[in-house]
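**Q** Here is a sequence together with a model predicted from it:
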Amino acid sequence: MSAIQAIRGTRDILPEEVGYWQQIEAAARQILGNAGYREIRTPIFEQTELFERGIGEATDVVGKEMYTFTDRGDRSITLRPEMTAGLVRSLIEHKLYAAGNAQRLWCVGPVFRYERPQAGRQRQFHQLDVEVMGSADPRADAEVIALATDLLQHLGLKTLTMDLNSVGTPADRQQYRAALVDYFTPFKAELDPDSQDRLTRNPMRILDSKDARTKEIVQDAPSILDYLSAESQQRFEAVQQRLTDLGIAYQVNPRLVRGLDYYTHTAFEIQSADLGAQATVCGGGRYDGLVAELGGPETPAVGWGLGMERLVLLLQKLHPATEVSVDFYVVSKGDRPEAQSLQIAQTLRRLGFSVDLDLSGSAFGKQMKRADRSGAAACLILGDEEAETGMVQVKWLASGEQEAIAQADLASRADLLRQQLGKR
């Protein structure tokens, strides 16, 4: 019988990698917590209508990439392909907007899209998401971008660049869409098939095509910056000035569009030169109409999503994993020593030490070899003699020094043991 393997596009996060995930999450909790952002957790599946209305039926995400099924109640259910729509649904359902002040929220968890798997992109992947709901102030745009750069810099990333654009208001985009259709129509036969399909449904997405010929055609396409209203242009300039005031480097990229229909005004992406083709680490922008579109009151909002898998790839390049070491490795042989070894391990763990207990019951020689490979500072040895006398042998593995300690004295000697560990 063949072994069952993980489904294509999913992967196990093994113990040696989990530390990177914990590092990112701990940094996020610290940095976002200091800025007054509160963690929220929403379901991983929602009514399909939420994403069709929120993301846009003309998007690739809704049209091609969602995991949708009919449940036993004959309801159309979708595994979330992104975080924001679910957060907005929660904001509306629980009337979080009623507090009268901007809601600063963040969350982290799995999302699902049926895409071609490659390095840093899976069909089940994970996003860290940050949102400010209830403020139209350009400072909110700059704040969320600043927090993204703070987080990435805190994690030690250096080869980062940021593209910034404004996609204006729906009225701005309507004029721009018409200009794009006029421009691209004569080239329709030369566009890639996806772009031909987008020409009438969502022409702005053509700007994001990866096809070589389409990219050539895009070079001379109209710029959305020429179609912004005076108010939209002033707003974009205000966001740029706030970023400049904060010392955050960026480049204006009028070809930058985000793949979801709900964006208005600010759009941005942060890329790393170390990621190859899948260079975007973090992306987001403003979505002032989404809350109202999903049935809530008019509520301006801005936020971003960060791809955890891609960020982990970068951290692995920066800091290759090292073997996790422990303070003590406990070896024992025989019924009484093995029973006492568990008690000793638990005593030391409760005192705050990290302890690995050998459970193999194999010969002392084999257990000692594993102790040497474990990276532990010391090996605790219990044989029949130690069990009889209530002692334990402590062997400091680097020096080979060995001493006998009464098991009953371990708690009272905790501070001394810490000092000895600090010197090793």
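**A** Noted; the coordinates are in hand.
**Q** any weak-confidence spans in the protein?
**A** 58, 258-261, 275-278, 322-324, 423-424 (pLDDT under 70).
**Q** Now do the contacts for the residue nearest to the spatial centre of it.
**A** Against the mean C-alpha coordinate of the chain, by Cα atoms, centre = their mean, the closest residue is Met308 at 2.9 Å. By Cβ atoms under 8 Å, 6 or more residues apart in numbering, the contact list for Met308 reads 21, 24, 108, 125-128. Glycine gets a C-beta too; all of them are placed from N, C-alpha and C.
**Q** Pull out the buried positions in stretch 409-422.
**A** 410, 414, 417, 420 (16 or more other Cβ atoms under 10 Å).
**Q** meant to ask about stretch 13-20, not that
**A** Buried residues in stretch 13-20 (16+ other Cβ under 10 Å): Tyr20.
**Q** same check, this time on stretch 265-276
**A** In stretch 265-276, the ones that count as buried by 16+ other Cβ under 10 Å are 265-272, 274-275.
**Q** Determine which two of the residues you listed are furthest apart.
**A** His265 and Asp274 (29.9 Å; Cβ to Cβ).
**Q** what's the closest of the buried residues of stretch 409-422 to Lys95?
**A** Ala414 (51.0 Å).
**Q** Roughly how far does the closest residue to that closest one other than its chain neighbours sit from Met1?
**A** Take Ala414 and drop its neighbours on the chain: the residue closest to it by Cβ to Cβ, 6 or more residues apart in numbering is Leu351, 4.8 Å away. As for Leu351, its distance to Met1 is 47 Å (criterion: Cβ to Cβ, to the nearest Å).
**Q** Break this protein down into its structural domains.
**A** 15-168+228-318, 328-423 (automatic domain parsing).
**Q** and Gly400, that's in a helix?
**A** No: the assignment for Gly400, made by DSSP: H, G, I helix; E, B strand; the rest coil, is coil rather than a helix.
**Q** who are the neighbours in contact with it?
**A** Applying Cβ under 8 Å, 6+ apart, no residues contact Gly400.
**Q** Give the bridge partners for Val331, please.
**A** Val331 forms beta bridges with Ile381, as assigned by DSSP bridges.
**Q** All further residue positions should be reported with the first residue as 446.
**A** OK, 446 is where the count begins now, so the last one is Val776.
**Q** my read: it touches Ile826, true?
**A** Yes: with contact defined as Cβ atoms under 8 Å, Val776 reaches Ile826; the gap is 5.5 Å.
**Q** overlap in contacts of those two?
**A** Phe809.
**Q** if you count what's nearby, which of those two comes out ahead?
**A** Taking other Cβ atoms under 10 Å, Val776 and Ile826 do not tie; Val776 has more neighbours (27 against 24).
**Q** From Leu735, how far out is the more buried one?
**A** Remark: distance between Val776 and Leu735 (Cβ to Cβ) = 60 Å.
**Q** my read: Phe632 touches Gln664, true?
**A** No: taking contacts as Cβ under 8 Å, Phe632 lies outside contact range of Gln664: 11.5 Å.
**Q** which residues of the stretch 596-745 of the chain fall in helices?
**A** 615-629, 638-646, 657-663, 675-690, 735-738 (DSSP state H, counting those that start in this stretch).
**Q** Which of these sits closest to Gln598?
**A** Short answer: helix 675-690, nearest of the helices of the stretch 596-745 of the chain by Cβ to Cβ, at 14.6 Å.
**Q** which of the residues in that closest one are buried?
**A** 677-678, 680-681, 684-685, 687-688.
**Q** So which elements touch that helix?
**A** Secondary-structure packing of helix 675-690 (3 or more Cβ pairs under 8 Å, 6 or more residues apart in numbering; DSSP states H and E): helix 583-599, strand 605-611, strand 709-717.
**Q** go again using 7 Å as the cut-off
**A** Applying 3 or more Cβ pairs under 7 Å, 6 or more residues apart in numbering; DSSP states H and E, one finds that helix 675-690 contacts helix 583-599, strand 709-717.
**Q** Next, the angle helix 583-599 makes with the shortest one.
**A** Regarding strand 709-717 and helix 583-599, their directions subtend 10 degrees when assessed with axes from the mean of the first three to the mean of the last three Cα atoms, to 10 degrees.
**Q** Strand 709-717 pairs with which strands, and in what direction?
**A** Here, using DSSP bridges, strand 709-717 pairs with strand 605-611 (antiparallel), strand 725-731 (antiparallel).
**Q** any idea how far Gly734 is from the closest residue to Tyr732 other than its chain neighbours?
**A** Distance criterion Cβ to Cβ, 6+ apart; nearest residue to Tyr732, sequence neighbours excluded, is Tyr707 at 4.3 Å. Taking Cβ to Cβ as the criterion, Tyr707 is separated from Gly734 by 7 Å.
**Q** what about the two, which has more around it?
**A** Under the criterion of other Cβ under 10 Å, the comparison of Tyr707 against Gly734 puts Tyr707 first, with 24 against 18.
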